[in-house]
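# Test case, fold it:
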Amino acid sequence: MKNLFSFYSVIAISCFLLGTRLYYTDWKAPMPLKLTTWDALGYYLYLPAKEIYKDQTSKNWLDSLDKTYQLSGGELYQLSHLPNGNYAGKYLRGVSILQYPFFKLADLYARHQNKYPADGFSPPYQFALAYGLLIYIILALFLLRNILLNFFSDTVVSWTLIILLIGTNAIQYIAVEAGQSHGYIFPLYVLILYLSMQWHRKPKLWIGFLIGLVFGLACISRPTEAVMLFIPLLWDLHDNTRWKAKWDLLKRQPVHLIFALLGCCLAISPQLIYWKTVTGHWVYDVGSKWDFLNPHWRVLFGPEKGWFVYTPLTLLFVFGLFRLKGFAFRTAVLTFCLLNIYIIIAWHTWRYGGSYSTRALVQSYPVFAIPLAAGLQILLTRFRYLVPAILVIFMGINLFQIWQYNKTILHYDAMNWNYYRSIFLNPSPTPQAYSLMDDGEPKPELSAFKKYILLQDSVPQFIPDGELLNTEFSVRKEETFWVHCQADLLHQEGLWDQYLCMELASEKERRRIRLFRPQAKEHQWNTFEAWFTFTATSDLQHLRWYSTSYPCEARNLKVVLYSKL
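From the prediction side, this is the model:
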């Protein structure tokens, strides 16, 4: 058997994905897996609505389930309330079509075993979605391997597949957050690559039909996947002579276009029928806003979720785009990749919700695998031993950061450079490090400052109004001074969206850090620590330190002023 290295690499990747899925399953919890939450709920809800509750126009069936399973924080933003009184899904239903076989198996199991409720959200459904996606991905990896071996060596293909799945955020959205759309669309990109390659080798009507079918299904999964069209459209147009040849072929055989169109119409028909049934119109605007004239480069380079920051091996994707000369797919892949990146960074809601790195690009990684392989082909030839070592190091960093992300050390939506530097490769950040997500600052160099203790009390006490300190002190006008605070707090009420605040009442300035920080526990003692800096505009300052969540218990309170006075 030829190409054993890449074959065994796919086997190893498959085992790694399975192991990751098992590792991130909480076997002791009543719900070991809960995938159908937040955005994932929006893609999935079509299945229980139609197959179990026979209700696609209201949310009555979903309200009680949301209370039972805490699917969306009580908001159910996944549905829009229409003027006709109906509720329509904001997310398209293509992903639910891909999930249907596994949903049906879970539903049959739940109905016949009587161990779990057949409500669409109990453990059988969650496990079916999680492991069903792994089946799709493993099959897609074998097919992607077959595609790449047509152009690259066995060694290059092996490294390409390993990096693609283990060196990027793909593993998070395939083996952990498997309810999101990205993992399900991933195989569609593999299929469009394979079908485009096969059609251009030997045009056949059924291949053209399948191209249209895959394209249509991708479009009703995420509308932005329409950019996929450039792959079959521009395939084999790598030099000027090929344009006329391809155009002549299509003119001689227009029936291929007709079959592709039929496949596309068949794929999108479930979405159109749903819209007509629920809204009364064949097309419904689910609402999106784009900033094409002012794209958000922070999506790639920013500390929040920067693609090149958190998954730096994706830089090889871009490097390889300039190494595609001579390949039949050059124009198609180059156009798709650059246009796809542009569309992703131009979306108005550029943070893409809670996520690790830029999740909106994950589904298109099979296409990026081609320039990745092209770049690796050069690097592995020139730096035979150095490159593998570097790749292994960065894959290790990626896996560690995914662990941090799932422990909420690496925050899903509040990252900045100070905080990222403080937690980089750090499994146990300090409370002071956590403060850097908000208004806390790195510990300063204060050798030239004098130290004044404003509060030091280790005795536990009950604080009914949340006020930990209310005092006055003197500093020089326009002086910059520091305040260092520490406290152990136990809150009787919830921590969500609550803060520990330091306020200069005389200056109307406030600094704050969140109470619900990574790894904080509700109704337990949590330690908070932060450094704040202020600039005085008067000699007398009135300092107030308080918790917005009260009442609370407090101990080990300490506030120290650092001033030059």
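
# from here on, contacts and neighbour counts on C-alpha atoms
Noted.

# Mind listing residues that contact stretch 220-233?
91-95, 181, 185, 189, 192-193, 196, 211, 215, 218-219, 268, 271, 332-333, 335-336, 339-340, 343 (CA atoms under 8 Å, 6 or more residues apart in numbering).

# Please apply the same query to stretch 423-430.
So stretch 423-430 is contacted by 397, 400-401, 404, 409-410, 422, 433 (CA under 8 Å, 6+ apart).

# For residue 511, give its distance to residue 410.
Relative to residue 410, residue 511 is positioned 22 Å away (CA to CA, to the nearest Å).

# Which members of the contacts of stretch 423-430 are classed as buried?
Those of the contacts of stretch 423-430 that meet the buried threshold are 397, 401, 404, 409-410, 422, 433, by 16 or more other CA atoms under 10 Å.

# Inside helices: which ones of the residues you listed?
397, 401, 404, 422, 433 (DSSP state H).

# end-to-end on stretch 250-261?
14 Å.

# CSV for the buried ones among the contacts of stretch 423-430, including pLDDT?
Conversion of these to CSV gives the following (pLDDT from 0 to 100):
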residue, pLDDT
397, 98
401, 98
404, 98
409, 96
410, 97
422, 97
433, 97
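
# still on that earlier bit, residue 550: which of the contacts of stretch 423-430 is nearest?
Relative to residue 550, the closest of the contacts of stretch 423-430 is residue 433; by CA to CA it sits at 23.9 Å.

# which residues does that closest one contact?
By CA under 8 Å, 6+ apart, the residues touching residue 433 are 419, 422-423, 442.

# can you check residue 210 too?
Counting by CA under 8 Å, 6+ apart, residue 210 touches 195, 260, 263.

# I'd like those as JSON lines, with distance to residue 360 and neighbour count appended.
Listed next are the contacts of residue 210 as JSON lines, based on distance: CA to CA, whole Å; neighbours: other CA atoms under 10 Å:
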{"residue": "195", "distance to residue 360": "23", "neighbour count": "21"}
{"residue": "260", "distance to residue 360": "27", "neighbour count": "23"}
{"residue": "263", "distance to residue 360": "26", "neighbour count": "23"}
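
# Can you tell me how far residue 271 is from residue 95?
On the measure of CA to CA, residue 271 and residue 95 end up 11 Å apart.

# Tell me which of these two has more neighbours.
Neighbours were counted for residue 271 and for residue 95 using other CA atoms under 10 Å; residue 95 has more, 26 against 20.

# Can you give me the pLDDT of that one?
Residue 95 carries a pLDDT value of 98.

# May I ask which helix or strand encompasses it?
Per DSSP states H and E: residue 95 is located in helix 94-113.

# ok, residues contacting stretch 552-561?
If you take CA under 8 Å, 6+ apart as the criterion, stretch 552-561 is touched by 451-466, 481-493.

# Could you count how many residues lie near the residue nearest to residue 347 when sequence neighbours are not counted?
Leaving out its chain neighbours, the residue that sits closest to residue 347 by CA to CA, 6 or more residues apart in numbering is residue 290, at 4.6 Å. Residues lying near residue 290 (other CA under 10 Å) number 15.

# now swap in residue 136 and tell me
18.

# which residues touch the closest residue to it other than its chain neighbours?
Excluding the flanking residues, the one nearest residue 136 by CA to CA, 6+ apart is residue 187, at 6.7 Å. Shown in contact with residue 187 (CA under 8 Å, 6+ apart): 136-137, 140.

# So residue 187, which state does it fall into?
Here residue 187 is recorded as helix under DSSP: H, G, I helix; E, B strand; the rest coil.

# Residue 452 in helix, strand or coil?
Once three-state DSSP is applied, residue 452 turns out strand.

# so how many other residues sit close to it?
As a burial measure, residue 452 scores 13 neighbours (other CA under 10 Å).

# Identify, from the contacts of residue 210, the entry nearest to residue 305.
For the contacts of residue 210, the nearest to residue 305 is residue 195 (33.1 Å; CA to CA).

# From residue 146, how far out is that closest one?
In terms of CA to CA, residue 195 sits 12 Å off from residue 146.

# Same question for residue 514.
Using CA to CA, residue 514 is found at 50 Å from residue 146.

# how far is the lowest-mean-pLDDT helix or strand in the chain from where the chain is centred?
Here the helix or strand of the chain ranked lowest by mean pLDDT, DSSP states H and E is helix 240-252, holding a mean of 78. From the chain centre to the centre of helix 240-252 is a distance of 40 Å (CA atoms, centre = their mean, to the nearest Å).

# Next, the contact list for the residue nearest to the spatial centre of the chain, please.
Taking CA atoms, centre = their mean, the centroid of the chain lies closest to residue 355, which sits 3.2 Å from it. Applying CA under 8 Å, 6+ apart, one finds that residue 355 lies in contact with 305, 412-413.

# Now go through those residues and say which are in strands.
Among those, no member falls in strands (criterion: DSSP state E).

# are any of these buried, and which?
Among the contacts of residue 355, those classed as buried by 16+ other CA under 10 Å are 305, 412.

# JSON lines for the contacts of residue 355, including distance to residue 322 and pLDDT?
Shown next, in JSON lines, are the contacts of residue 355 (distance: CA to CA, whole Å; pLDDT from 0 to 100):
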{"residue": "305", "distance to residue 322": "25", "pLDDT": "96"}
{"residue": "412", "distance to residue 322": "33", "pLDDT": "95"}
{"residue": "413", "distance to residue 322": "33", "pLDDT": "94"}
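
# Just send the contacts of residue 355 back as TSV, with distance to residue 500 too.
Compiled in TSV, the contacts of residue 355 are given as follows (distance: CA to CA, whole Å):
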residue	distance to residue 500
305	26
412	20
413	19
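
# related to what we said a few turns ago, narrow the contacts of stretch 552-561 to those in helices?
Using DSSP H, none of those sit in helices.

# Buried subset of those residues, written for PyMOL?
Here is the PyMOL command that selects the buried residues among these (16+ other CA under 10 Å):
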select buried, resi 451+454+455+463+466+481+482+483+484+485+486+487+488+489+490+491
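
# And the helices in the stretch 301-450 of the chain?
For the stretch 301-450 of the chain, applying DSSP state H, counting those that start in this stretch gives helices covering 307-310, 315-321, 330-346, 365-382, 386-406, 417-423, 431-434.

# so what secondary structure elements neighbour the second one?
If contacts are counted by 3 or more CA pairs under 8 Å, 6 or more residues apart in numbering; DSSP states H and E, helix 315-321 sits against helix 365-382.

# ok now the helix it packs on, how far from the chain's centre?
Centroid displacement of helix 365-382 relative to its chain, using CA atoms, centre = their mean, is 24 Å.

# do stretch 245-262 as well
Between the centre of stretch 245-262 and the centre of its chain there are 38 Å (CA atoms, centre = their mean).

# Equivalent analysis for stretch 414-428, please.
18 Å.

# could you measure the nearest residue in space to residue 473 that is not next to it in sequence against residue 479, distance?
For residue 473, ignoring the flanking residues on the chain, the nearest one in space by CA to CA, 6+ apart is residue 541 at 5.4 Å. In this view, residue 541 and residue 479 are 11 Å apart by CA to CA.

# Ok, residue 178 next?
On the measure of CA to CA, residue 178 and residue 479 end up 53 Å apart.

# Those two: who's more crowded?
Legend: neighbour count by other CA under 10 Å for residue 178 and residue 479, higher for residue 178 (26 against 15).

# how many neighbours does the closest residue to that one other than its chain neighbours have?
Excluding the flanking residues, the one nearest residue 178 by CA to CA, 6+ apart is residue 130, at 5.4 Å. Look at residue 130: counted by other CA under 10 Å, it has 23 neighbours.

# pLDDT value on residue 130, please?
Note for residue 130: predicted pLDDT of 98.

# Verify the assumption that it is located in a helix.
Yes - counting by three-state DSSP, residue 130 is part of a helix.

# Make 498 the first number, not 1, from now on.
Okay, using 498 as the starting number, the last item reads as residue 627.
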